[in-house]
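**Q** Kindly return the folded structure for what I paste below:
(4 chains)
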There are 2 protein chains.
Amino acid sequence: MAGPTIYDVATAAGVATSTVSRAFTNPGRVSATTRDRVLAVAAELGYRPNPHARALLSGRHHTVAMVVSDITNPHYFELIRGAEMRARISEYTLLLVNAEESPRVEWEQIQRLSPAVDGFVLAASRLPDENLRQVAAQRPVVLMSRELPGLASVVLDHGEGCRQVVAHLASLGHRELLYLAGPRNSWMAGTRWTVLRSAAEQAGMTVRRSGPFTPKVAQGGAAADAAVNDGATAIVAHNDLLAIGVMQRLAQRGIRVPEEVSVVGFDDIFAADVCTPRLTTLGGAHVDVGRAAVELLLTAGSRPPDDAPRITLPTQLVLRDSTGQRQ
Amino acid sequence: MAGPTIYDVATAAGVATSTVSRAFTNPGRVSATTRDRVLAVAAELGYRPNPHARALLSGRHHTVAMVVSDITNPHYFELIRGAEMRARISEYTLLLVNAEESPRVEWEQIQRLSPAVDGFVLAASRLPDENLRQVAAQRPVVLMSRELPGLASVVLDHGEGCRQVVAHLASLGHRELLYLAGPRNSWMAGTRWTVLRSAAEQAGMTVRRSGPFTPKVAQGGAAADAAVNDGATAIVAHNDLLAIGVMQRLAQRGIRVPEEVSVVGFDDIFAADVCTPRLTTLGGAHVDVGRAAVELLLTAGSRPPDDAPRITLPTQLVLRDSTGQRQ
DNA sequence: AACAAGATGGCAACCCCTTGCCGTCGGTTG
DNA sequence: CAACCGACGGCAAGGGGTTGCCATCTTGTT
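**A** Numbers count the residues shown, from 1 in each chain, chains lettered A, B, ... in the order given. Coordinates of the predicted model:
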């Protein structure tokens, strides 16, 4: 079961364990001849260092944990991909954890993993600010799709993005906008609403909010009916899943998109491009968000602890077929 | 940085480290009074056991690695979700690793992680049989979407599933079937072709194969053109992504689905239900595949090593709008 | 030829926790 | 009251590496 250890290699090569260790971790510290012999023996024996033993002493684990608020949401896939890619480049291992939309689960998982990882990437954390600060006090933390003063974060620039959404809808003649809100404890949901509202008011549009809705396709029905009841001609849904659900329900009710109602989503998930009508949505390079977050985490040690970088990546409004001229 | 250790707790509680350790891991071994005191002190100090130190001694890490051949493919999401859920139930941590469709990368990652995990779940591994056996000799392994004598595996029952696909198409009057094949080193791609062919021949249909194609939407264009050139009225694509790409290209060329050509995919990914026309596809409970695989892995110790269970879960043919009567 | 300085390897402590074994103590039994 | 026994705590040896420090061996210098 257990592979050969540093002791086996040392014996076989006729050196001390310290020499074997140094041959791997500090090659300059042993002569080329010895090193080659040790490495040869190690290779022959199939020796591989035990990361746990190494982590035990050094405190560095070469592992980062990514906590995702809901692994069900395809949107996170891109974040995960980006994070995984960046971690792999530095030969870090990515631990994936699902918080199931539960702050309690999220907290427990973080506490459990805390002694075993070098840091956390928290994607759309549902934790209260205070808890986030506690985590950050223990370990380096980078937030994704959430901001908190004092903590490093990577987010898409929703300020500009939402202004573009509003401009797009306003230019099509819409005067009233309804935002179908996401979960209450989602920072992103709050931000979208704040920014949409101010942008819309500046554009002279009326804005209202409905919700919160769990951002899943299945919830789209209820959300759509709320929208119909509201009477707005332009709907901005918390994310693409909800938007797709809304469109399905509208189709069911015989309400045409975009002729009668325009619908906009967020995230630009894969399905947005294949549904009917194809969904206009505010997307962005989510892979880059994942990448940047891990990047930040890996370089956390080289920054003064009170200097928490906040990276804002550009969004891009993807115009498709779910938005149109107001009738 | 480092939290309090067992020594800190021992000192604070006025007992030996062994007592602290036992208070956590072997509660019956210390008196209730002592245990309570130790636990209280530990809680107060915020002590949490270091999993590495624990793993070092016990050899059990409470961690399983899931290696995914291509994390880009939404199909794997469900597998990942299922695996993550099952792991969490047993308080295991899931390590997610992407092999980027490269057998070399896959192999390296496995070797690197091998000393640090209790076992591997390999999803659609692209590794040659021989390498899989080597891995299995080191660590418990469970395959997903792949079978190999002697190794535990969880797959969807493509035998019956493909027969249903063929029966469905045959019943609609189709006499010729074209399979758009997946990657060459994908076991699933080989299996699908084998099973489809025999089922089709038995049903008196002509079967041909084209490809291999990388199973992504972007490759659908080339695949569609190959299909058009072939002239078959029924297309079975290696997976939903490819099928969606095919349909996009067909639409672009003015070929109507399902009136002129029927298209079937595999996996029943989320997008299959929202694309136009909605895609007929052979799905299954992929979450259960992920769940079962981890389950198998966690119970691997309690089985004789030469008894490798092979779990076959039922598929379900989901009829939607991309298949129709042959004209 | 004598000596300083650098290169190299080994010793042993340490990282944090688990566990086999032993000693102590209070209580039971005859 | 002695002999025994079980319950409970502590000691110390790992488990697999890393690393500060010291000893030895080269090599170069004058």
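
**Q** I'd like the average pLDDT over stretch A:310-322.
**A** The pLDDT scores in stretch A:310-322 average 95.

**Q** Ok, stretch A:282-301 next?
**A** 92.

**Q** how about that stretch, does it reach DNA strand D?
**A** No - using C-beta under 7 Å from any atom of the strand, we find that stretch A:282-301 stays clear of DNA strand D, coming within 14.4 Å at best. For glycine as for every other residue, the C-beta is placed from the backbone atoms N, C-alpha and C.

**Q** anything in that stretch sitting right up against chain B?
**A** No - contact of stretch A:282-301 with chain B (C-beta under 8 Å from any C-beta of the partner chain) is absent, the minimum separation being 9.7 Å.

**Q** next one: stretch A:258-276
**A** Yes - contact of stretch A:258-276 with chain B (C-beta under 8 Å from any C-beta) involves A:270-271, A:274-276.

**Q** show me the contacts for the spatially closest residue to A:A237 that is not a sequence neighbour.
**A** Distances taken as C-beta to C-beta, 6 or more residues apart in numbering or on different chains place A:A243 nearest to A:A237, at 3.8 Å, with adjacent residues excluded. By C-beta atoms under 8 Å, 6 or more residues apart in numbering or on different chains, A:A243 lies in contact with A:220, A:235, A:237, A:263-266, A:272, A:279, A:281, A:322.

**Q** what about stretch A:165-185, start to end distance?
**A** End-to-end distance of stretch A:165-185 (C-alpha to C-alpha, to the nearest Å): 23 Å.

**Q** buried ones in it?
**A** The neighbour-count check on stretch A:165-185 (16 or more other C-beta atoms under 10 Å in any protein chain shown) flags A:165-166, A:168-170, A:174, A:176-183, A:185 as buried.

**Q** ditto for stretch A:38-48
**A** Residues of stretch A:38-48 classed as buried by neighbour count (16+ other C-beta under 10 Å): A:38-39, A:41-42, A:47-48.

**Q** ok and the host helix or strand of A:A55 relative to helix B:51-58, angle-wise?
**A** Taking DSSP states H and E as the criterion, the element that holds A:A55 is helix A:51-58. For helix A:51-58 against helix B:51-58, the angle by axes from the mean of the first three to the mean of the last three C-alpha atoms, to 10 degrees is 130 degrees.

**Q** Please list the residues of chain A that sit near DNA strand D.
**A** Within reach of DNA strand D by C-beta under 7 Å from any atom of the strand, chain A has these residues: A:2, A:5-7, A:17-18, A:21-22, A:24-26, A:47-50, A:53-54, A:56-58.

**Q** In PyMOL, select just the buried ones from the residues you listed.
**A** Of those, the buried ones can be selected in PyMOL as follows, counting by 16+ other C-beta under 10 Å:
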select buried, chain A and resi 5+6+21+22+24+47+48+49+50+53+54
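
**Q** out of the residues of chain A next to DNA strand D, who's near chain B?
**A** Filtering the residues of chain A next to DNA strand D for proximity to chain B (criterion: C-beta under 8 Å from any C-beta) leaves A:2, A:48-50, A:53, A:56.

**Q** could you redo these as a markdown table and give each row pLDDT and distance to B:D225?
**A** Converted to a markdown table, these look like this (pLDDT from 0 to 100; distance: C-beta to C-beta, whole Å):
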| residue | pLDDT | distance to B:D225 |
| --- | --- | --- |
| A:A2 | 61 | 54 |
| A:R48 | 87 | 47 |
| A:P49 | 87 | 51 |
| A:N50 | 87 | 52 |
| A:A53 | 87 | 56 |
| A:L56 | 84 | 58 |
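
**Q** Looking at those residues, which one is closest to B:P128?
**A** A:R48 (20.9 Å; C-beta to C-beta).

**Q** The stretch 201-327 of chain A: helices as residue ranges?
**A** A:220-230, A:240-252, A:286-298 (DSSP state H, counting those that start in this stretch).

**Q** For the last one, enumerate the helices and strands it packs against.
**A** In this structure, helix A:286-298 makes packing contacts with strand A:63-68, helix A:75-89, strand A:119-123, strand A:141-144, strand A:152-156, strand A:310-313, judged by 3 or more C-beta pairs under 8 Å, 6 or more residues apart in numbering or on different chains; DSSP states H and E.

**Q** ok, now the first one?
**A** Under the contact criterion of 3+ C-beta pairs under 8 Å, 6+ apart, the helices and strands touching helix A:220-230 comprise strand A:176-180, strand A:206-210, strand A:234-237, helix A:240-252.

**Q** and the last one, average pLDDT?
**A** The predicted model gives helix A:240-252 an average pLDDT of 95.

**Q** cool, the shortest one as well?
**A** Here strand A:234-237 scores 96 as its mean pLDDT.

**Q** quick one: strands adjacent to it?
**A** Sheet pairing of strand A:234-237 (DSSP bridges) gives strand A:176-180 (parallel), strand A:262-266 (parallel).

**Q** Go through those and name the closest to DNA strand C.
**A** The closest of the strands paired with strand A:234-237 to DNA strand C is strand A:262-266. By C-beta to the nearest atom of the strand, the value is 42.7 Å.

**Q** and the helix or strand of chain A with the lowest mean pLDDT with DNA strand C, contact?
**A** Every helix and strand of chain A was ranked by mean pLDDT, DSSP states H and E. The lowest is helix A:51-58, at a mean of 84. Yes - Helix A:51-58 lies within reach of DNA strand C by C-beta under 7 Å from any atom of the strand, at A:53, A:56-57.

**Q** Redo these as CSV? Include distance to A:E201.
**A** As requested, these are exported to CSV (distance: C-beta to C-beta, whole Å):
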residue, distance to A:E201
A:A53, 60
A:L56, 57
A:L57, 58
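
**Q** Identify, from the residues you listed, the entry nearest to A:V318.
**A** Closest approach between the residues of helix A:51-58 next to DNA strand C and A:V318, by C-beta to C-beta: A:L56, at 48.3 Å.

**Q** wait, isn't the closest one in contact with B:H52?
**A** Yes - A:L56 is in contact with B:H52 according to C-beta atoms under 8 Å; the separation is 5.0 Å.

**Q** residues touching the residue nearest to A:G283 when sequence neighbours are not counted, list them.
**A** Closest residue in space to A:G283, ignoring its immediate chain neighbours: A:D268 at 2.5 Å, by C-beta to C-beta, 6+ apart. If you count contacts by C-beta under 8 Å, 6+ apart, A:D268 has them with A:240, A:281-284, A:316, A:318.

**Q** Columns distance to A:L297 and neighbour count on top of those, output as TSV?
**A** Converted to TSV, the contacts of A:D268 look like this (distance: C-beta to C-beta, whole Å; neighbours: other C-beta atoms under 10 Å in any protein chain shown):
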residue	distance to A:L297	neighbour count
A:D240	27	28
A:T281	28	29
A:L282	26	25
A:G283	24	21
A:G284	20	22
A:Q316	25	15
A:V318	29	17
